[in-house]
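**Student:** the following block contains a protein sequence and its predicted model.
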Amino acid sequence: MGNPFRYGQIVDGEGYCPRPQLEKRLRSHLADARNVVLYGERRVGKTSLIHRVAGRMRGRRLVYVDLLGIKSVEDLLARALQAVEPLVGSDRSLSGLLKAVSRLGISVSFNPVTGAPNFRPTYTPEPLRADNLRQLGELWRELDGRRPVVVVFDEFQDVLSLAESDAALAVLRGEIQKLGSIPFCFSGSVRNDMLSIFSSDRSPFFKSAVALEVRRDDFKGWEDFLVGKFESGGRRIGADTLADLVARVDGSPGDVQQLCAAVWDGTRRGQQVGGDQVAAGLEEVFRNERKGYEQVLATVTGQQLNVLRALARLGGESIQSKDFLREARVPHASSSKAAMLGLEKRRVVFRDGEVYRFSNPFLRLWLVEKGV
Ligand SMILES: Nc1ncnc2c1ncn2[C@@H]1O[C@H](COP(=O)(O)OP(=O)(O)OP(=O)(O)O)[C@@H](O)[C@H]1O
Ligand SMILES: [Mg+2]
């Protein structure tokens, strides 16, 4: 029997623990063709939720656009076009439209055997090819006219890393506004960036979508789900041990499953899981990830490192307090703030309201436990 825990990937079927209320709300907004913005921190289950709900809507096909790491408008176009590839199939007339869309910024070729289109961004000089982006709207309308679609942008905040992000957002918003019958869903894990797109009155997307938050604690029967996985391979785990395990990694589902998977690997059928096994699982995670942690430490400044250590020990509620400054060995509140902003920019930490937290809770535990 293989390890039943899944992490770092979309989960479905047996691996998916239901979130009935959230699923219902998302489904009903999309079914009514309302646009939705989905907030949630890293590894909380946004992408899985999207596929679960938007990927299974009656009468609508999913156009799933992943914007993770895009650097240019060409990247954005290429991702948007890739997303419709699976829906085009051998429909030649649509292939023609795709070709038209991509005339300026993207090169397209068709697989001679399957007829499937393949996109490659080509160099396009400034300024923004607004026309190409506008044609995306045309493409979605065309698709939707044949069979209704739901369009999802995942990691939408990465639009902000484009040099022409303001213009790109304005054009996209303009197109989306014209497509009232198509529900759009925007998902993102960098809260402040998403807020600046959807909640700032200077942004073209201001108040353009209903907000839904994906939280760590909105599952139905999360503990039973985890206990069931342990039991499926003959391991037993008590409620207290499990609660302790969940709390150690701040309860984020992806991180919880990662630790559970390591605990599973270190135990055998018939064994009771207790504190020692959880500790051994944690060591296993450290062994696997240590190189990554060391790389983070090697690429931050000395002051950022000190602030990171203080954050690991004291938490991020008051990073400008006397205690925090003393622990971080920085002289001024402004230096602490500046270091934290640098770490946030590198996504080593993120801001949850006014509280700073580690993006990877295992890095925090490692810093504390190893006394780094
Ligand atoms: N419904 C669920 N049931 C069980 N585990 C889940 C569920 N949703 C998420 N997880 C856990 O979290 C991990 C990450 O899920 P997913 O990729 O959907 O999250 P995400 O919020 O999109 O993450 P990222 O910020 O990395 O894009 C999964 O591999 C799994 O371990
Ligand atoms: Mg995701």
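**Tutor:** Received it, and whenever you're ready, just let me know what you need. Ligands and ions are numbered 1, 2, ... in the order given.

**Student:** outline the domain layout of this structure.
**Tutor:** The record assigns the chain these domain ranges, following automatic domain parsing: 16-213, 221-297, 300-372.

**Student:** could I get these as a markdown table with mean pLDDT?
**Tutor:** Formatted as a markdown table, these follow (pLDDT from 0 to 100):
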| stretch | mean pLDDT |
| --- | --- |
| domain 16-213 | 86 |
| domain 221-297 | 96 |
| domain 300-372 | 94 |
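
**Student:** V296 touches L363, doesn't it?
**Tutor:** Yes. V296 is within contact range of L363, at 6.8 Å (criterion: CB atoms under 8 Å). For glycine as for every other residue, the C-beta is placed from the backbone atoms N, C-alpha and C.

**Student:** of these two, who's got more company?
**Tutor:** L363 (21 against 17; other CB atoms under 10 Å).

**Student:** any idea how far ligand 1 is from the nearest residue to the more buried one once chain neighbours are set aside?
**Tutor:** When the adjacent residues along the chain are set aside, L363 lies closest to Y293, with 5.3 Å between them (CB to CB, 6 or more residues apart in numbering). Per CB to the nearest ligand atom, to the nearest Å, Y293 is found 18 Å from ligand 1.

**Student:** check contacts around the residue of the chain positioned farthest from its centre.
**Tutor:** Here the centre of the chain is the reference, and by CA atoms, centre = their mean the most remote residue is G270, at 36.3 Å. Neighbour list for G270: 234-235 [criterion: CB atoms under 8 Å, 6 or more residues apart in numbering].

**Student:** list the contacts for the nearest residue to H29 once chain neighbours are set aside?
**Tutor:** The shortest distance from H29 to any residue other than its chain neighbours is 4.9 Å, reached at V36 (CB to CB, 6+ apart). By CB under 8 Å, 6+ apart, the contact set of V36 is 26, 29-30, 183-186, 209-212.

**Student:** just the buried members of those?
**Tutor:** Among those, the ones that count as buried by 16 or more other CB atoms under 10 Å are 26, 29-30, 183-186, 209-210, 212.

**Student:** now the phi/psi pair for the closest residue to ligand 1 within the stretch 151-300 of the chain, please.
**Tutor:** When scored by CB to the nearest ligand atom, the stretch 151-300 of the chain has G254 as its residue closest to ligand 1, at 3.1 Å. For G254, the backbone dihedrals (degrees, to the nearest 10) come out as phi -60, psi -40.

**Student:** in contact with I176, which residues?
**Tutor:** 35, 137, 182, 184, 208 are the contacts of I176 under CB under 8 Å, 6+ apart.

**Student:** make JSON lines from those residues and add secondary structure and distance to S334 to it.
**Tutor:** Shown next, in JSON lines, are the contacts of I176 (DSSP: H, G, I helix; E, B strand; the rest coil; distance: CB to CB, whole Å):
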{"residue": "N35", "secondary structure": "coil", "distance to S334": "39"}
{"residue": "G137", "secondary structure": "helix", "distance to S334": "45"}
{"residue": "I182", "secondary structure": "coil", "distance to S334": "47"}
{"residue": "F184", "secondary structure": "strand", "distance to S334": "40"}
{"residue": "S208", "secondary structure": "coil", "distance to S334": "36"}
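
**Student:** highest neighbour count among these?
**Tutor:** Busiest of those [other CB under 10 Å] is F184, holding 24 neighbours.

**Student:** does that residue really touch V37, like I thought?
**Tutor:** No. Applying CB under 8 Å as the test, F184 and V37 come out as separate, 9.3 Å apart.

**Student:** common neighbours of those two, please.
**Tutor:** Contacts common to F184 and V37, judged by CB under 8 Å, 6+ apart, are A209.

**Student:** contacts for the helix or strand hosting I197 next, please.
**Tutor:** Secondary structure from DSSP states H and E places I197 in helix 191-198. Contacts of helix 191-198 with the rest of the structure, by CB under 8 Å, 6+ apart, involve 37, 39, 41, 156-157, 159-160, 169, 186, 188, 203, 205-209, 211, 350-352.
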